[in-house]
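[1] Got a sequence here, can you model it:
(one chain, ligands or ions: 1)
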Amino acid sequence: MDKIVSLSRRRGFVFQSSEIYGGHGGCWDYGPLGVQLKNNVKQAWWQSIVQERDDVVGVDSSILMNPRVWEASGHVAGFSDPMSDCLKCKMRWRADDFEGKICPSCGGELTEPRQFNLMFKTFMGPMEDTASVAYLRPETAQGIFVNFDNVLNTTRKKLPFGIAQIGKSFRNEITTGNFIFRSREFEQMELEYFVKPGTDDYWHEHWLQARIDWYTSLGMKRENLQLRAHCSDELAHYAKACSDIQYLFPMGWSELEGIANRCDFDLKQHSKHSGKTLEYFDEESKEHITPYVIEPSAGVDRSVLAFLIDAYTEEPDKDDIRAVLKLHPRLAPFKAAVLPLSKKEPLVNMAKEIHASLRKAWMVTYDESQSIGRRYRRQDEIGTPYCITVDFDSLDDNQVTVRERDSMTQERIPISEIKAYLCPRLTGELK
Ligand code: ATP
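    Numbers count the residues shown, from 1 in each chain. From the prediction side, this is the model:
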């Protein structure tokens with residue numbers, strides 16, 4: 001983990017939030033490379049969940065919602081962790097962070113655990129009273145459930161169908177840590193997939209497999225992923241089943257994504273609390289039904305961290321060690337780097353022309369500083385899959401050398417064919 005944190009800081013993937021003020025606990029900023037990687041992760045999720053499916057549509061709901069949403073969903077009453085305070089050093093601990101009744105920090109005595117709500121509270125409007133309390137959403141899912149009818153009426157989707165959303169969520173986590181694994185402000189990629197009751201077990205299995213396949217299709221090693229089914233005493237009272245996709249993070253197997261069968265709990269709760277019936281009319285049976293829902297709920301930041309860890313490789317290179325981020329080309333912040341062999345004008349002009357043309361299609365960087373070997377190393381370390389070198393021969397034969405990151409093999413290709421060469425390789429169709 002230390003290497004990933006240091007690489008992220010050094011190369012501009014992730015910084016501490018408000019760093020010049022000493023940081024802000026459990027909050028992180030994505031730098032120039034990090035924002036690209038994160039956008040690419042979100043784009044790849046959206047493509048597989050929405051773009052390539054007939055049965056899923058997207059929404060983007062607001063973060064601040066009517067507080068009654070959180071009463072109906074059970075978050076006001078029950079979205080809490082049991083916490084104990086140390087009587088000596090005043091630190092607050094999550095019940096699963098200590099054993100016995102001893103403070104893990106100073107050895108002092110801990111209080112009996114009390115429930116601590118994880119939702120951030122704020123006020124809407126000029127008055128700071130109970131009537132104006134609002135919450136920052138702790139998950140994106142409820143923004144989907146409350147739009148169930150709007151989406152159904154405007155899209156005329158038939159069961160099974162899903163509604164997807166990507167967005168920020170906030171949780172006042174007591175123990176943050178492990179870099180961007182657990183923070184107080186994070187992003188989620190959530191799908192609520194509505195199905196006919198009775199078909200829910202089938203769809204739960206379907207989504208477990210589909211989501212594992214998504215991670216591996218983007219290069220994550222299968223042996224670093226596992227499924228963990230929740231035991232009955234871990235399940236929320238309304239959930240019929242839930243499995244986590246876990247990744248082998250440096251601190252051990254930990255949740256990357258949760259996939260739950262939430263039955264009809266959410267739609268029924270919102271029907272009850274809002275007074276608006278949230279049902280589906282089944283043409284076949286001519287009955288109104290409340291669909292069951294399967295919820296694959298993934299964290300953007302945890303995915304970014306897992307992809308970074310999985311891709312980071314150190315390998316011997318002559319007398320040295322080469323650090324390579326073997327990110328799938330679809331996730332790589334830059335798809336290619338254009339490198340003139342020397343700073344001589346004709347080479348630089350030609351390289352800049354190539355750069356200008358390629359960047360219309362992809363994020364492509366340009367670098368003319370230092371030796372070519374060092375420039376290759378720099379691109380390897382940030383995961384750029386292709387380096388395009390313009391040399392003196394290029395001026396005569398209109399060809400460039402393309403170097404592939406992982407194999408370091410080089411090919412000479414005509415400048416006019418660079419785009420066609422890169423296209424299938426950047427989507428992963430060709431290696
Ligand atoms: P955990 O047990 O790790 O706190 P959870 O079971 O509470 O997670 P869910 O409510 O199922 O998490 O949220 C779905 C996903 O959102 C998680 O699998 C994770 O990827 C992400 N997520 C949840 N909480 C955080 C957080 N504090 N920081 C970063 N990502 C988070």
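
[2] which of the residues in the helix or strand hosting Trp203 are buried?
    Per DSSP states H and E: Trp203 is located in helix 200-217. Using 16 or more other Cβ atoms under 10 Å as the test for burial, helix 200-217 gives Asp200, Trp203, His204, Trp207, Leu208, Ala210, Arg211, Ile212, Trp214, Tyr215. (Glycine included, C-beta is placed from N, CA and C.)

[3] you'd agree the second one is up against Lys196?
    No - counting by Cβ atoms under 8 Å, Trp203 stays clear of Lys196, with 9.3 Å between them.

[4] Please enumerate the shared neighbours of these two.
    Pro160 (Cβ atoms under 8 Å, 6 or more residues apart in numbering).

[5] ok, the residue lying closest to Ala336 once chain neighbours are set aside to Leu308 distance?
    Sequence neighbours aside, Tyr386 is the residue nearest to Ala336 in space, at 4.3 Å (criterion: Cβ to Cβ, 6 or more residues apart in numbering). Distance of Tyr386 to Leu308, given as Cβ to Cβ, to the nearest Å: 20 Å.

[6] The closest residue to the ligand within the stretch 251-400 of the chain: neighbouring residues, count only.
    Minimum separation of the stretch 251-400 of the chain from the ligand (Cβ to the nearest ligand atom) falls at Gly299, amounting to 2.3 Å. By other Cβ atoms under 10 Å, the residues close to Gly299 number 23.

[7] Contacts only, for it.
    By Cβ under 8 Å, 6+ apart, the neighbours of Gly299 are Phe186, Glu187, Gln188, Met189, Leu256, Glu257.

[8] can you put the residues you listed in TSV and add secondary structure, neighbour count and distance to the ligand?
    Putting the contacts of Gly299 into TSV (DSSP: H, G, I helix; E, B strand; the rest coil; neighbours: other Cβ atoms under 10 Å; distance: Cβ to the nearest ligand atom, whole Å) gives the following:
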residue	secondary structure	neighbour count	distance to the ligand
Phe186	strand	21	4
Glu187	strand	20	8
Gln188	strand	21	5
Met189	strand	22	9
Leu256	strand	24	6
Glu257	strand	26	5
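
[9] Please enumerate residues in contact with the helix holding Trp203?
    44-45, 48, 160, 191, 193, 195, 222, 225, 227, 240-241, 243, 245, 256-257, 259, 261, 263, 292, 294, 296, 298, 303, 306, 428.

[10] I figured Leu24 was touching Thr176, is that so?
    That one is not Leu; residue 24 is His. No - between His24 and Thr176 there is no contact under Cβ under 8 Å: 10.5 Å.

[11] Among those two, which residue is more densely surrounded?
    In terms of neighbours (other Cβ under 10 Å), Thr176 is the more surrounded of His24 and Thr176; the figures are 18 against 14.

[12] For that one, give me the pLDDT.
    Thr176 carries a pLDDT value of 82.

[13] For the residue nearest to Ala336, give me phi and psi.
    When quoted as degrees, to the nearest 10, the phi and psi of Tyr386 stand at phi -130, psi 130.

[14] Around the ligand, pick out the residues from the protein.
    139, 171, 173, 182-183, 186, 188, 255-258, 297-299, 301-302 (Cβ under 6 Å from any ligand atom).

[15] Where does Leu227 fall, secondary structure wise?
    Leu227 belongs to strand 225-229, assigned by DSSP H and E.

[16] Please spell out which residues along that strand are buried.
    For strand 225-229, by 16+ other Cβ under 10 Å, it's Leu225.

[17] packing partners for the helix or strand following that strand?
    Using DSSP H and E, the helix or strand that follows strand 225-229 towards the C-terminus is strand 241-249. Packing contacts for strand 241-249, counted by 3 or more Cβ pairs under 8 Å, 6 or more residues apart in numbering; DSSP states H and E, involve helix 200-217, strand 225-229, strand 252-261, helix 300-311.

[18] ok, 10 Å please
    Other helices and strands packing on strand 241-249, by 3 or more Cβ pairs under 10 Å, 6 or more residues apart in numbering; DSSP states H and E, are helix 200-217, strand 225-229, strand 252-261, strand 292-299, helix 300-311.

[19] As a check, name the ranges of all strands in the stretch 251-400 of the chain.
    Taking DSSP state E, counting those that start in this stretch as the test, the strands found in the stretch 251-400 of the chain are 252-261, 280-282, 287-289, 292-299, 312-317, 320-325, 336-340, 364-366, 386-390, 399-404.

[20] average model confidence for the fifth one?
    So the one you mean is strand 312-317. 94.

[21] contacts for that strand?
    Taking contacts as Cβ atoms under 10 Å, 6 or more residues apart in numbering, the residues outside strand 312-317 that touch it are 3-4, 7, 321-327, 373, 377, 380-381, 383, 406, 408.

[22] Closest to the centroid, which residue in the chain?
    Most central in the chain under Cα atoms, centre = their mean is Val300, positioned 1.4 Å from the mean C-alpha point.

[23] Might one say that Ile49 is in contact with Ser297?
    No - judged on Cβ atoms under 10 Å, Ile49 makes no contact with Ser297 at a distance of 11.9 Å.

[24] Any chance you could list residues touching both of these two?
    Common neighbours of Ile49 and Ser297 (Cβ under 10 Å, 6+ apart) are Met189, Glu190, Leu191, Arg211.

[25] pLDDT and distance to Val56 added to those, as JSON lines?
    What follows is those, written out as JSON lines (pLDDT from 0 to 100; distance: Cβ to Cβ, whole Å):
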{"residue": "Met189", "pLDDT": "98", "distance to Val56": "12"}
{"residue": "Glu190", "pLDDT": "98", "distance to Val56": "12"}
{"residue": "Leu191", "pLDDT": "98", "distance to Val56": "7"}
{"residue": "Arg211", "pLDDT": "98", "distance to Val56": "13"}
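
[26] Return the closest of these with respect to Ala95.
    The closest of the shared contacts of Ile49 and Ser297 to Ala95 turns out to be Glu190 (Cβ to Cβ; 26.6 Å).

[27] residue contacts, that closest one?
    By Cβ under 10 Å, 6+ apart, the neighbours of Glu190 are 45, 49, 139-144, 163-167, 169, 257-258, 295-299.

[28] burial of the nearest residue to Ala229 once chain neighbours are set aside, as a residue count?
    For Ala229, ignoring the flanking residues on the chain, the nearest one in space by Cβ to Cβ, 6+ apart is Ser243 at 4.7 Å. Neighbours of Ser243 under the rule other Cβ under 10 Å: 20.

[29] how far away is Ser243 from Met65?
    With Cβ to Cβ as the criterion, Ser243 and Met65 are 28 Å apart.

[30] I only care about the contacts of strand 312-317 that end up buried; give me the ChimeraX line for that.
    Listed next is the ChimeraX selection for buried residues among those, using 16+ other Cβ under 10 Å:
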select :4,7,323,324,325,326,327,377,380,381,383
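
[31] That concludes my questions; thank you for your assistance.
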